[in-house]
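Asks: build me a model from this:
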Amino acid sequence: MIGRRKEIAELEDLYQGSQPELIAIYGRRRVGKTFLVEQTFRGKFAFRHAGLSPLEHKRKGMQAAQLKHFYNSLRSFGLESGEYPTSWFDAFFLLQKLLENKDCGQRQVVFIDELPWLDTPRSGFITAFEGFWNNWGAHQDNLMVIVCGSSNSWMLDKLINNHGGLYGRVTYEIKLSPFNLGECEEFLKHNQVKISRYDIAQSYMIVGGIPFYLRYFKKGLSLSQNVDNLFFNEDAKLKFEYDRLFSSVFSNPGMVKSIVAFLFSKSAGYTRKEITDGLHITDGGTITSCLNALVASDFVMKYVPFGMSKKQEHYKLIDPFCIFYLRFVQGQQGLSDLYWEQYVKSQAIVSWRGLAFENLCFRHISQIKAALGISGVASRQSAWSKRRDDTEGTQIDMLIDRNDNIINMCEMKFYGDEYVVNRDYYRTILRRQELLSEEISKATAIHSTLITTFGLEYNEYSSVFDQVITLDELFS
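Replies: Next up, the predicted model:
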C-alpha cells in the first residue's frame with residue numbers, strides 16, 4: 001500500500017491491544033479510508049458491512065433497505081437464518097449474537113463503512129448503536145469496532161463530539177488526509193505513469209493528493225492529455241464529481257457548495273462574519289457544522305492572519321480539485337476535448353499556476369520546515385497583507401512565525417527554470433521586509449525565503465533571499 005505508514009502502525013498497535021476499541025476514521029470522499037482498513041485487516045474481519053448510498057436509493061423505504069442489507073451481511077459472516085430485523089435495536093442484537101457465537105478469545109474486528117448512511121431520518125440508528133456499544137461492546141476486551149464515513153459533519157457531530165450517550169466513547173480517531181507530493185509520486189510510479197516532478201506538482205495542483213483521482217492517470221500520456229481525459233473530453237471521468245463530492249457526504253450540500261463558491265472568490269479567504277454576510281445566512285449551528293466539516297475534510301483551512309486576533313480567524317479554500325473545477329470547468333460550455341493541451345501556455349493557466357502553487361505550499365508546511373531545518377520549532381503559518389494608505393501596500397504569500405524569534409517571509413514562484421531576481425523585484429522584496437519590520441518585535445529577525453521549482457539563478461540581486469527551497473525538497 002502506498003503511504004499511510006503512520007495510520008497502519010496505529011491500527012496495528014490497537015489490534016495488538018487487550019481492551020475494547022471504538023475507532024472512528026474520517027476524511028474527505030475518495031481519500032482511501034475503506035482501502036486503508038481493508039488492506040490492514042484483510043482476512044481478519046469478524047464482521048464487515050458498508051451502508052447503502054442514499055444517492056442510489058429512494059428516500060422512501062430507505063431504512064428497510066439498509067436493515068435488509070445489514071442482515072444479509074450478518075448472514076454472509078455466519079449468522080444463522082432468521083427473521084429480518086425491523087429496527088436497528090434488533091439489527092445490533094443480531095450482530096451481538098453473531099460475535100458471541102464466533103468468539104474464541106482472539107481479537108474480533110468489526111468494520112462498518114459509511115456509517116452515516118445508515119442513519120436515515122427517524123430510524124433511531126444512533127440510539128441503537130449507542131446501546132450496542134455501551135451495554136455490550138465496551139465490555140468485550142477483545143472487540144475492535146472500526147467505523148468510517150465521508151460525511152464528516154455527521155462523524156464529528158454525532159459520533160466523535162457526541163454530547164449524549166456516546167460522549168467520550170470513541171477510543172481512537174484517525175483523520176485520513178490526502179497524499180503529499182512524495183506519496184503522489186510513489187503512487188504514479190507504481191501505476192507506471194512517467195511524468196516529471198514539475199508535472200506531478202501540477203497534477204497535485206489539479207486533483208490534490210486524492211488516490212481515487214490519481215488512479216485515472218494513464219501511462220503513456222502526458223499531463224495535458226490526462227487532464228483532458230479527466231475533465232474536458234466528452235466522457236471525462238471527473239465531469240460530475242464536483243456535485244457528487246458534496247451531495248453524497250454533506251447533510252446540507254447546497255449550503256456547503258455556496259460556502260465553497262464564496263471562498264473561491266478570494267484566495268486569502270474570509271472571516272465567519274464575512275461569509276454569513278456575503279451569503280445572507282444566519283450565523284448559528286448550521287454554519288458551524290458546515291465549516292467544521294469543510295475543515296475536517298481538507299477542503300478549507302482555518303487560520304488567523306498575521307497581526308490579527310482570534311476574532312478575525314479566516315477560512316481559506318485550499319482543495320485543489322474544487323479550485324480547479326470552479327475556475328476551469330464549471331459553467332463552461334462547448335470546450336474542446338483538447339482544451340488543456342491547446343491552452344496550457346495561456347495567461348489564464350499561467351496565473352492559475354501561481355495561486356495553485358501557493359496552496360500546494362500551505363499543504364506542505366512540514367516539508368518546508370524540514371528544508372529550513374526547523375521541524376522541531378513551533379510556528380504559525382499565514383498569509384499577510386498591509387495597506388498603509390490608498391496607494392501603498394503589500395501582500396506576502398506566507399509568513400512562518402516561529403517561536404525562536406525568526407519570521408520566514410516566503411515568496412512562492414512556480415517557474416519553468418531557475419528563478420531570476422531583477423532590479424524591480426529586488427526592491428519589492430526589500431520594501432516588504434521594511435513594512436513587515438514595522439509590525440514585529442525588534443527581537444525578531446526576518447529571513448526572506450524563496451520557494452520555487454528549480455532554484456535561483458544567482459546574480460547581483462539574488463542575495464535578497466536568505467534561503468531557497470526547491471520543488472525536490474517538497475517531495476521529501
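Asks: can you map out the helices along the stretch 1-150 of the chain?
Replies: 5-15, 33-40, 62-76, 88-102, 115-118, 125-135 (DSSP state H, counting those that start in this stretch).
Asks: pipe the ones you listed into JSON lines and attach mean pLDDT, mean neighbour count and distance to residue 170 per row.
Replies: C-betas here are computed from N, CA, C, even on glycine. Output for the helices of the stretch 1-150 of the chain, formatted as JSON lines (pLDDT from 0 to 100; neighbours: other Cβ atoms under 10 Å; distance: least, Cβ to Cβ, whole Å):
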{"stretch": "helix 5-15", "mean pLDDT": "97", "mean neighbour count": "14", "distance to residue 170": "12"}
{"stretch": "helix 33-40", "mean pLDDT": "96", "mean neighbour count": "18", "distance to residue 170": "15"}
{"stretch": "helix 62-76", "mean pLDDT": "95", "mean neighbour count": "17", "distance to residue 170": "21"}
{"stretch": "helix 88-102", "mean pLDDT": "97", "mean neighbour count": "18", "distance to residue 170": "17"}
{"stretch": "helix 115-118", "mean pLDDT": "94", "mean neighbour count": "25", "distance to residue 170": "12"}
{"stretch": "helix 125-135", "mean pLDDT": "96", "mean neighbour count": "19", "distance to residue 170": "10"}
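Asks: mind checking those for the one nearest to residue 182?
Replies: helix 5-15 (11.6 Å; Cβ to Cβ).
Asks: any low-confidence regions in the stretch 301-450 of the chain?
Replies: Within the stretch 301-450 of the chain, the ranges that satisfy pLDDT under 70 run 334, 387-393.
Asks: and the helices in it?
Replies: Using DSSP H, counting those that start in this stretch, the helices of the stretch 301-450 of the chain run over residues 320-324, 339-343, 347-362, 365-372, 423-437.
Asks: of those helices, flag the one that's most buried.
Replies: Here the criterion is mean neighbour count by mean count of other Cβ atoms under 10 Å, and of the helices of the stretch 301-450 of the chain the winner is helix 320-324, at a mean of 22.
Asks: kindly format the C-alpha coordinates of it as CSV.
Replies: Only the C-alpha atoms of helix 320-324 are listed here, as CSV (Å, rounded to 0.1, in the frame of the first residue of the first chain):
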residue,chain,number,x,y,z
PRO,A,320,-7.0,21.8,-5.4
PHE,A,321,-9.8,19.9,-7.1
CYS,A,322,-12.5,22.4,-6.1
ILE,A,323,-10.4,25.4,-7.1
PHE,A,324,-9.5,23.9,-10.5
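Asks: picking that back up, now the helices of the stretch 1-150 of the chain as CSV including distance to residue 290?
Replies: Output for those, formatted as CSV (distance: least, Cβ to Cβ, whole Å):
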stretch, distance to residue 290
helix 5-15, 26
helix 33-40, 21
helix 62-76, 23
helix 88-102, 27
helix 115-118, 15
helix 125-135, 20
